[in-house]
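**Q** here you go, sequence then predicted model.
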Amino acid sequence: MDWTALGLSLRLGLVTVVLLLPLSFLLARWLAFGRFRGRGLVEALVALPLILPPTVVGFYLLVAFGRSSPVGAAFESLFGEPLVFSFEGLVLASLLVNLPFAVQPMQNALAAIPPNVRDAARCCGLSPLQAVRHVELPLALPGIATGAVLTFAHTLGEFGVVLMVGGSIPGETRTISIAIYDRVQAFDEPAAGAMALLLLVIAVVALGITNTLARRAGRRD
Amino acid sequence: MTAKAGLQVRLRRAAPFALDVAFEAPAGSITALFGPSGSGKTTVLRAIAGLQPMDDARISCGDGTWTDTAAGLTIPPHRRPVGFVFQDYALFPHLTVCEQLALSLGHRPAAERPARIDALLELVQLQELGERRPAALSGGQQQRAALARALARDPAVLLLDEPFAAVDWALRESLRRELVRLQRALSLTVVLVTHDFEDVAKLASHLVVIEHGAVTAHGPVEALTARNAVPGVSGWREPAVALDACIEAHESERQLTVITAGDLRLEVPTIAAPVGAPVRIQLAAREVILASRRPEGLSLHNVVEAEVVAIEPASHPALRLVHLRVGETRVLSLVTADAERKLGLAPRQPVLALIKAVAVEAFA
Amino acid sequence: MVLLVTATLLAAQVALAQHGVPASTAAPLVAAASDLQFALDEIVRRFQGDTGIAPRITYGSSGNFARQIEQGAPFELFLSADESYVLRLAERRLTRGPGSLYAIGRLVLFVPHGSPLQPDPQLKHLAARLASGDAGRLAIANPEHAPYGRAAEQALRSLGLWEAARPKLLYGENVAQAAQFASSGNADGGIVAYSLALAPALRERGTFALLPEELHAPLRQRMVLLERASPAAARLYDYLRSPASREILRQHGFVLPEN
């Protein structure tokens, strides 16, 4: 059991969730309630990571954030380290790759709020911000929680993108899924098996939580 | 804090469907926006609340202007003193009744809110149900909760969108009474959207008829019904006048109540309301018999001296609709053409109107 | 409940993660060709015992590492299985000098127990099975970026077996993965590094035949310190050139270059 890799994966998962949740809530809200022409296009872009093979995503991320790219060069001049092959690079990749997992459940939950209820909030004297706090957030909470759980579980299992963008550096970018791959190549099946089993358990627990949340959301109506 | 101010509305919009509407809702009265489904009534109501943007609009209440597109002014809904009761109530599913009211009381100091919540619950008679969530309330209770939530805003104008559409007929009457009671108690200015003329006849004092996004009639309910001039209704509804009356006296041994509607005095079966209470009556034209001399030996209670104002053709070629005047009060009578000939009916002719006590529909 | 789960996870990761170890000082970052899997592990264990420094090693294919280093991967020491990668990096001024040759690699044909394929240095049995159409899968490292894969291709071509063998080939991302495929029982066998075949993990799973050096271009394995190498990495580099380390390499099947 590679505890460093496990810790790294957990940290990556948590950081991704913490950063992605507010961003994706805003995006989900915009998609759920906004009436603008490019909406279908934005939804398709958000869903893209679901369909693209991880290696394709990894490839384009390397192109976009590698040393010679504007973003990569800027990062390196600011922090002295390249963006790729660093934990920060993984976080960035993780945020992009997990976008659909976070946005879609939230968007669905928000869209399920009857428009009259939102109008009623305004007519009750609630400013848009207050309406989000008192009405939208509570009603969309199961969707938000689902988004968080799915993002976390998916980040733990993410392999292709992490490998291409991260480089399997121990303590920095060698997540638990890559550690499994690494142990197999080193003919250390027991270690690989133990870590694989742990990830399996986490995935099952994540599924259980999202199912419970979905049922609770259904019961509320 | 209820401003006794009238509402002035002028709206124009091109898309998605054309809308060109202007009317006034007098202060302290119930104004009905009446018309067929899809005519734009709900859009107008939402625009008054600030929920619907318009191409060209001016909405003001008393001294305050809420929308003036020419001046680039649009006050957002949460800063307008309006209460809105949605057709499906739109209660917050995750909050108890008390919590919903508390949210609506944001404009009041926190210390005042609990007392205000209790007062509102009492007003709509939901005292025992404050801790319930909407799912645990019946349809009528939800409606009253929505009403309380709208009233919590201390609104200058109360807006209701087809408030009785989702309710069965038995509940409808009691909810109508409740609305009238509240409106009188608080002197509210109410704008009510409905496609049911019963709501107009029983509740509204003013009527704005909206068809295909335009106002086709506008004025007091009494006057419009007396002229049988309500578009969208005259075609299929039996001609009838809706009058505001008042209880003059009760004759308990005879089990009758005397009511006066302007210059018209009628005896009707006992109405369960105190002397002096307002009553809304509907009198169908077909229930008014005309006579040239006073009859005897009839069960009739009301023999009223009237004068013919005009005679016009009715829906059936053999029928005539006779407009009568009792002092300043207008009444309609539906008779056959033969009767018109028999009695020699003509404008300015005095005639007796015979009205069965039972025929007077009273709503108190 | 959600709060509890989050709190637990936060505590766990704080406890487990080696947070932000600065790139160099304590744990130099090493990129090593996968054929060094077992040999380097042993050398590094001794190094750690002697100096207290604990290098972090990533194994993979030399070609991949070269590409990553060009893209700014923060490795400090690179042990390539093919010196051309090192020389190319030196040309681009990404290294400290041209480095040094640390070993010559050898190829074997590895065959797991129970495989119908018999290992022999001239691959005669393989040739026969290919000709008769009975041959199963054969694993090699990917010739595109793995030196041992390229050498395997050269060996097959030298024996005139490349065209026949091609449809049967399984490509590992690096030579260790190729060895893993070869030993898993899903292939007849594989052409992999001698150093891997000698390792206990593989040795008990099958047998092998050492392929003559003449069959392929020499696997000149060169190592080099990279630009950002720390003093600790430099110490490891020197340690790798010590007689003790060379002896370990020799025991693991590497041919030592003249010094």
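**A** Alright, I've got the coordinates.
**Q** so where do the strands sit in the stretch 201-350 of chain B?
**A** For the stretch 201-350 of chain B, strands defined by DSSP state E, counting those that start in this stretch occupy the ranges B:206-211, B:214-220, B:240-251, B:256-261, B:264-269, B:278-284, B:288-291, B:302-313, B:319-326, B:329-336, B:350-355.
**Q** which helices and strands does the second one pack with?
**A** Spelled out, it's strand B:214-220. In this structure, strand B:214-220 makes packing contacts with strand B:19-25, strand B:206-211, judged by 3 or more Cβ pairs under 8 Å, 6 or more residues apart in numbering or on different chains; DSSP states H and E. Bear in mind the C-beta positions are built from the backbone N, C-alpha and C, glycine included.
**Q** now do 10 Å
**A** strand B:19-25, strand B:30-34, strand B:206-211, helix B:221-226 (3 or more Cβ pairs under 10 Å, 6 or more residues apart in numbering or on different chains; DSSP states H and E).
**Q** comparing those, which comes out most buried?
**A** strand B:30-34 (a mean of 28; mean count of other Cβ atoms under 10 Å in any protein chain shown).
**Q** check the offset of that strand from the chain's centre.
**A** 6 Å (Cα atoms, centre = their mean, to the nearest Å).
**Q** give the rounded mean pLDDT of it.
**A** Per-residue pLDDT over strand B:30-34 has a mean of 94.
**Q** repeat for stretch A:138-147
**A** Stretch A:138-147 comes out at a mean pLDDT of 92.
**Q** and it, anywhere near chain C?
**A** Yes: Stretch A:138-147 lies within reach of chain C by Cβ under 10 Å from any Cβ of the partner chain, at A:141, A:144-145.
**Q** which residue ranges form the strands in the stretch 101-250 of chain C?
**A** With DSSP E, counting those that start in this stretch as the criterion, the stretch 101-250 of chain C has strands spanning C:107-112, C:138-141, C:169-172, C:189-193, C:206-210, C:219-225.
**Q** low-confidence ranges, the stretch 101-250 of chain B, go.
**A** Along the stretch 101-250 of chain B, segments meeting pLDDT under 70 span B:232, B:234-236.
**Q** any chance you could map the helices in it?
**A** Assigned by DSSP state H, counting those that start in this stretch, the stretch 101-250 of chain B shows helices spanning B:113-123, B:139-151, B:169-186, B:197-203, B:221-226.
**Q** pipe those helices into TSV and attach distance to residue C:138 per row.
**A** Output for the helices of the stretch 101-250 of chain B, formatted as TSV (distance: least, Cβ to Cβ, whole Å):
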stretch	distance to residue C:138
helix B:113-123	81
helix B:139-151	74
helix B:169-186	83
helix B:197-203	87
helix B:221-226	95
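**Q** what values do phi and psi take at the residue of chain A found nearest chain C?
**A** Chain C sits closest to residue A:7 of chain A, with a gap of 2.9 Å, by Cβ to the nearest Cβ. Backbone geometry at residue A:7, expressed as degrees, to the nearest 10, gives phi -60, psi -40.
**Q** right, and residue A:6 touches residue A:199 too?
**A** Yes: taking contacts as Cβ atoms under 10 Å, residue A:6 lies within contact range of residue A:199: 9.4 Å.
**Q** name the helix or strand for residue 59, please.
**A** The chain I'm using is chain A. helix A:54-65 (DSSP states H and E).
**Q** let's do chain C instead
**A** strand C:56-60.
**Q** ok, and the closest non-adjacent residue to the residue most central in space within chain A?
**A** Closest to where the C-alpha atoms of chain A average out (Cα atoms, centre = their mean) is residue A:98, at 3.1 Å. Of all residues not flanking residue A:98 in the chain, residue A:151 sits nearest, at 4.5 Å (Cβ to Cβ, 6 or more residues apart in numbering or on different chains).
**Q** rewinding a little: check which helices and strands the helix holding residue A:59 sits against.
**A** helix A:39-51, helix A:70-79, helix A:87-97, helix A:160-166.
**Q** could you give the angle of that helix to helix A:39-51?
**A** Calculated by axes from the mean of the first three to the mean of the last three Cα atoms, to 10 degrees, helix A:54-65 forms an angle of 120 degrees with helix A:39-51.
**Q** how about the residues of chain A near chain B?
**A** Near chain B, when you scan chain A using Cβ under 10 Å from any Cβ, you find A:113-128, A:130-131, A:134-135, A:138-139, A:141, A:219-221.
**Q** please check the residues you listed and keep the buried ones.
**A** Neighbour counting by 16 or more other Cβ atoms under 10 Å in any protein chain shown classes A:113, A:116-126, A:130-131, A:134-135, A:138-139, A:141 among the residues of chain A next to chain B as buried.
**Q** give the contact list for residue A:140.
**A** The contact partners of residue A:140, by Cβ atoms under 10 Å, 6 or more residues apart in numbering or on different chains, come to A:25, A:28-29, A:32, A:105-113, A:132, A:147, A:217.
**Q** and the two most separated of the residues you listed?
**A** The distance between the two most remote of those (Cβ to Cβ) is 18.1 Å, for A:132 and A:217.
**Q** quick one, what contacts residue B:170?
**A** Contacts of residue B:170 (Cβ under 10 Å, 6+ apart): residue B:140.
**Q** once you drop chain neighbours, what's closest to the closest residue to chain C within the stretch 201-350 of chain B?
**A** Taking Cβ to the nearest Cβ as the measure, the stretch 201-350 of chain B has residue B:203 as its residue closest to chain C, at 49.0 Å. Spatial nearest neighbour of residue B:203, chain neighbours left out: residue B:30 (5.3 Å); criterion: Cβ to Cβ, 6+ apart.
**Q** what's across from the one you found in the sheet?
**A** residue B:190 (DSSP bridges).
**Q** alright, I will stop here.
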